[in-house]
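S.K.: coordinates only, no sequence provided:
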């Protein structure tokens, strides 16, 4: 299997980390090729006579990984519901719910690789992890924090970061997003469940006929033939959304975690062939599901979780032949809460501090052209409108999605760094963006290097 240069570098960095730590977390954006990295690492471990487990939390992920291991030529068995019992192969593909009940039946592993490792704090995952303290543990995730924003330092000792989403897009490994958004739904006083909005409370806001009509209308106007997944609040919401698309003549199906495996497989196969244009779902396609055919993510579920948001929009960013862009139609205000998917983010095992339900990277709407810009902007990047010191009330209605140019937003952030002439100004940027302490020294050293090269 041909590895991309950044994948080779990630594997080498992970191996260096494993010389010091037994528990290492690899971060790589959705679509960057985490399963290929895992298969390569298992191939090398098997060659050394080591026994490996690959642990996932959904049946589809077992099937996807098995196909990759067959391509690499790694002999493997299964410990997962619905698969033949094979425990003596060098590699065992494990469903975590099955594995936790059969720990005494499997030969102990030397290496455990955890897919979607941001779930490692869950009870079943922790039971498996704690049962093998002497094994090497490698986690894989696009978002190295729990969905509530807390860190994973209790599960992993080292974080090996991969290239950013923006870098993967700029270098052609992911698809460029085109984002349409609108003023967020009014969630003031919304009931919370843990660190995210309560689904039953959200349903009263989002499962409304005019919002469903907006979602259908904008899909038909912006990308009428795109393969799309709609992220909903509840099963009932997903069913109502499916019915709204069908009523408009769009082929649509609903899928959720309760669907029978053969039904789910049949629906996904029809979607891949283009026979179904829209899938509506709740908590099924947000993680790990490999659907490169997906061209459009429609967000109808507001979330305070950066991790959940990134997992959802990441589904549409996967590159595929003939795919020109990824359409993100945000009816939930999630882009305003968390920023565009290719924004700069500084991941850490310590997680992030945030107020529940508050915006991490807020945007505002220009009253002249309705373009979305950063909340701190004094003028519109699209039309040049100068914002008044006291914002005036803007008449807003559901359905006014406007497109964001993420390249302009990223360029503006780079310009802010370039204009910071001294350490004090750079430290102010670092505090505002939540960068690590070493970032300022990194920028200053890079500038000295350029100055020295210019003088030479």
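M.R.: Looks like it came in fine. Everything numeric in this text was worked out from a predicted model, so none of it was measured. Residues are numbered from 1 along each chain as shown.

S.K.: use CA for all of it now, contacts and neighbours both
M.R.: OK.

S.K.: would you mind measuring from residue 60 to residue 81?
M.R.: 11 Å (Cα to Cα, to the nearest Å).

S.K.: typed the wrong thing, it's residue 278
M.R.: The value you get for residue 278 to residue 81, if Cα to Cα is used, is 29 Å.

S.K.: the more surrounded of these two?
M.R.: Neighbour count, other Cα atoms under 10 Å: between residue 278 and residue 81, residue 278 has more, with 28 against 15.

S.K.: which residues touch that one?
M.R.: By Cα atoms under 8 Å, 6 or more residues apart in numbering, the contact set of residue 278 is 227, 228, 229, 230, 242, 245, 250, 251, 252, 253, 271.

S.K.: the fourth one touches residue 298, doesn't it?
M.R.: Yes: because the distance of 4.6 Å satisfies Cα atoms under 8 Å, residue 230 is recorded as touching residue 298.

S.K.: mind listing the strands in the stretch 1-150 of the chain by residue range?
M.R.: 23-27, 52-56, 76-79, 91-95, 111-114, 136-141 (DSSP state E, counting those that start in this stretch).

S.K.: between strand 91-95 and the second one, find me the angle.
M.R.: With axes from the mean of the first three to the mean of the last three Cα atoms, to 10 degrees applied, the angle from strand 52-56 to strand 91-95 works out at 20 degrees.

S.K.: so what touches strand 52-56?
M.R.: Residues contacting strand 52-56 (Cα under 8 Å, 6+ apart): 42, 45-46, 62, 90-96, 109-116.

S.K.: same question for the first one.
M.R.: Contacts of strand 23-27 with the rest of the structure, by Cα under 8 Å, 6+ apart, involve 10, 14, 17-18, 117, 136-144, 155-162.

S.K.: returning to what we had before: residue 230 and residue 298: who's more crowded?
M.R.: Just comparing residue 230 and residue 298: by other Cα under 10 Å the higher neighbour count belongs to residue 298, 27 against 24.

S.K.: state the distance from the more buried one to residue 326.
M.R.: Applying Cα to Cα to residue 298 and residue 326 gives a distance of 11 Å.

S.K.: next: residue 441.
M.R.: Taking Cα to Cα, one finds residue 441 at 36 Å from residue 326.

S.K.: let me see the backbone angles for residue 152.
M.R.: Main-chain torsions, residue 152, degrees, to the nearest 10: phi -120, psi 30.

S.K.: so what's it closest to, chain neighbours aside?
M.R.: Distance criterion Cα to Cα, 6 or more residues apart in numbering; nearest residue to residue 152, sequence neighbours excluded, is residue 349 at 5.1 Å.

S.K.: surely residue 284 and residue 259 touch.
M.R.: No: counting by Cα under 8 Å, residue 284 stays clear of residue 259, with 10.2 Å between them.

S.K.: please identify which of those two sits among more neighbours.
M.R.: When residue 284 and residue 259 are compared for neighbours, residue 284 comes out ahead with 16 against 11, by other Cα under 10 Å.

S.K.: SS state for the more buried one?
M.R.: State at residue 284, reduced to three classes by DSSP: H, G, I helix; E, B strand; the rest coil: coil.

S.K.: contact partners for it?
M.R.: With Cα under 8 Å, 6+ apart, residue 284 has these contacts: 255, 256, 257.

S.K.: over to residue 244?
M.R.: Counted by Cα under 8 Å, 6+ apart, residue 244 has contacts 212, 213, 216.

S.K.: inside helices: which ones of these?
M.R.: 212, 213, 216 (DSSP state H).

S.K.: ok, back up a step: look at residue 441 and residue 326 and report which has more neighbours.
M.R.: Ranked by neighbour count (other Cα under 10 Å), residue 441 and residue 326 place residue 326 first, with 25 against 13.

S.K.: quick one, phi psi at the more buried one?
M.R.: phi -110, psi 120.

S.K.: is it true that it touches residue 296?
M.R.: Yes: assessed by Cα under 8 Å, residue 326 is found in contact with residue 296 at 5.7 Å.

S.K.: any residues in contact with both of these two?
M.R.: By Cα under 8 Å, 6+ apart, the residues touching both residue 326 and residue 296 are residue 316.

S.K.: what's the local residue count around residue 150?
M.R.: Residue 150, neighbours per other Cα under 10 Å, totals 19.

S.K.: my error: substitute residue 124 in the last question.
M.R.: By the criterion of other Cα under 10 Å, residue 124 has 16 neighbours.

S.K.: pull the helix or strand with minimum mean pLDDT from the chain.
M.R.: Counting by mean pLDDT, DSSP states H and E, the chain has its least confident helix or strand at strand 363-365, which shows a mean of 52.

S.K.: how much space between the residue sitting nearest the centre point of the chain and residue 214?
M.R.: In the chain, the residue lying closest to the centroid (Cα atoms, centre = their mean) is residue 311, at 2.4 Å. The spacing between residue 311 and residue 214, counted by Cα to Cα, is 23 Å.

S.K.: try residue 278
M.R.: 15 Å.

S.K.: residue 327 now?
M.R.: Taken as Cα to Cα, the span from residue 327 to residue 214 is 16 Å.

S.K.: these two - which one has more neighbours?
M.R.: Per other Cα under 10 Å, whichever of residue 327 and residue 214 has more neighbours is residue 327, with 27 against 17.

S.K.: how about the contacts made by that one?
M.R.: Here residue 327 is in contact with 177, 178, 179, 180, 223, 295, 296, 297, 316 (criterion: Cα under 8 Å, 6+ apart).
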